[in-house]
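Enquirer: task: produce atomic coordinates for the following.
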Amino acid sequence: MPLTGLQIFKLLPNTNCKKCGCPTCLAFAMKLAAGKESLDKCPDASAEAKAALGRPRAADPRVTIGRGTAR
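Expert: The predicted structure is shown next:
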């Protein structure tokens, strides 16, 4: 299952250095969670963060049928 923005935020250095182009590490984490950014943009990411965010995740098991019913 994909990590949430908050889970990703906890793996980041939390320096708010803006080197990634985002104003805060939380903003960057939310973009990572949404798939709109790459961890490569964070030059200070730890090896632990790279390992956790680099490995493949299990697909979301929910399937939408009809008008949005999750099963």
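Enquirer: where along this protein do the strands fall?
Expert: 64-65, 69-70 (DSSP state E).
Enquirer: ok, how many other residues are close to the residue lying closest to residue 41 once chain neighbours are set aside?
Expert: Computed as CB to CB, 6 or more residues apart in numbering, the closest residue to residue 41 that is not its neighbour in sequence is residue 20, at 4.2 Å. Just so you know, the C-beta spots here come from the backbone N, C-alpha and C atoms, and that holds for glycine as well. By other CB atoms under 10 Å, the residues close to residue 20 number 22.
Enquirer: before we move on, back to that, least reliable of the strands of the chain going by mean pLDDT?
Expert: Looking over the strands of the chain, mean pLDDT reaches its minimum on strand 69-70, with a mean of 57.
Enquirer: pretty sure the residue nearest to residue 41 is touching residue 29, no?
Expert: No: the pair residue 20 / residue 29 is not scored as a contact, 10.1 Å apart, by CB atoms under 8 Å.
Enquirer: for the chain, which spans come out with low pLDDT?
Expert: Along the chain, segments meeting pLDDT under 70 span 1, 55-66, 68-71.
Enquirer: let's see it at 80
Expert: 1, 54-71 (pLDDT under 80).
Enquirer: that one: helices as residue ranges?
Expert: All helices of the chain, identified by DSSP state H, fall at 5-11, 25-33, 47-54.
Enquirer: compare the ones you listed and give me the one nearest residue 41.
Expert: Nearest to residue 41 among those is helix 25-33; the distance by CB to CB comes to 7.4 Å.
Enquirer: which strands and helices sit next to the closest one?
Expert: helix 5-11 (3 or more CB pairs under 8 Å, 6 or more residues apart in numbering; DSSP states H and E).
Enquirer: contacts for the helix it packs on?
Expert: With contacts defined as CB atoms under 8 Å, 6 or more residues apart in numbering, helix 5-11 is touched by 25-26, 29-30, 32-34, 45-46, 48-49, 52-53.
Enquirer: now with 7 Å, please.
Expert: With CB atoms under 7 Å, 6 or more residues apart in numbering as the contact definition, helix 5-11 has outside contacts at 25-26, 29-30, 32-33, 48-49, 52-53.
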